[in-house]
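Enquirer: coords please:
(one chain, ligands or ions: 1)
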Amino acid sequence: MIAALVFLLLAIGNQQVAPIFAKHCVRCHNHELDDGGISFENFDTLRRVVVPGKPDDSALMRAVRWDGDIRMPPGKKLSAREISAIRKWILQGAR
Ligand code: HEC
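Expert: Coordinates of the predicted model:
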């Protein structure tokens, strides 16, 4: 968890969203998930689900909003505040 947070802070450089992904996503979406899924430890895989500047076109955004079939994290939706932080991060270019 701490290692994941440090990694994400360096990779994303966004202090609002890195802890959200570290806390709620990395335990499943990590390098051990090697079946073509997305990993928060490998940004190349994330490019498939994030369209920089366009949260509404981003599969990641739909997943955390529980808009479609894929609802993330499973079982417990993120808070409105966390979801809006992710939206803002994508709007600002997802860097
Ligand atoms: C309990 C494990 C678990 C957690 C926690 C979890 N996920 Fe997932 N996620 C999965 C699995 C398994 C799949 C693939 C299965 C499916 O398609 O439903 C998936 C699929 C996805 C997809 C679709 C990937 C694609 O290739 O289209 C996205 C986006 C996603 N997750 C984002 C997230 C985000 C963001 C978080 C944290 C807020 C998160 N997930 C937390 C297990 C998890």
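Enquirer: which ones are touching P52?
Expert: Taking Cβ atoms under 8 Å, 6 or more residues apart in numbering, we find P52 in contact with I90, G93, A94, R95. To be clear about C-beta, it is placed using only N, CA and C from the backbone, and glycine gets the same treatment.
Enquirer: Export the residues you listed as JSON lines, with columns for neighbour count.
Expert: Listed next are these as JSON lines, based on neighbours: other Cβ atoms under 10 Å:
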{"residue": "I90", "neighbour count": "21"}
{"residue": "G93", "neighbour count": "9"}
{"residue": "A94", "neighbour count": "21"}
{"residue": "R95", "neighbour count": "10"}
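Enquirer: on contacts alone, who are the packing partners of the lowest-mean-pLDDT helix or strand in the chain?
Expert: Within the chain, no helix or strand scores below helix 2-12, which has a mean of 75 by mean pLDDT, DSSP states H and E. In terms of contacts (3 or more Cβ pairs under 8 Å, 6 or more residues apart in numbering; DSSP states H and E), helix 2-12 is packed against helix 17-24.
Enquirer: immediately after the helix it packs on, which helix or strand?
Expert: Per DSSP states H and E, helix 17-24 leads on to helix 43-46 as the next helix or strand towards the C-terminus.
Enquirer: hmm, back to that, list the buried residues for the least confident helix or strand of the chain?
Expert: A4, F7, L8, A11, I12 (16 or more other Cβ atoms under 10 Å).
Enquirer: Check stretch 40-50 too.
Expert: Buried residues in stretch 40-50, counted by 16+ other Cβ under 10 Å: F40, E41, T45, L46, V49, V50.
Enquirer: surely the third one meets N30?
Expert: What it means is T45. No. In this structure T45 lies outside contact range of N30 using Cβ atoms under 8 Å: 10.7 Å.
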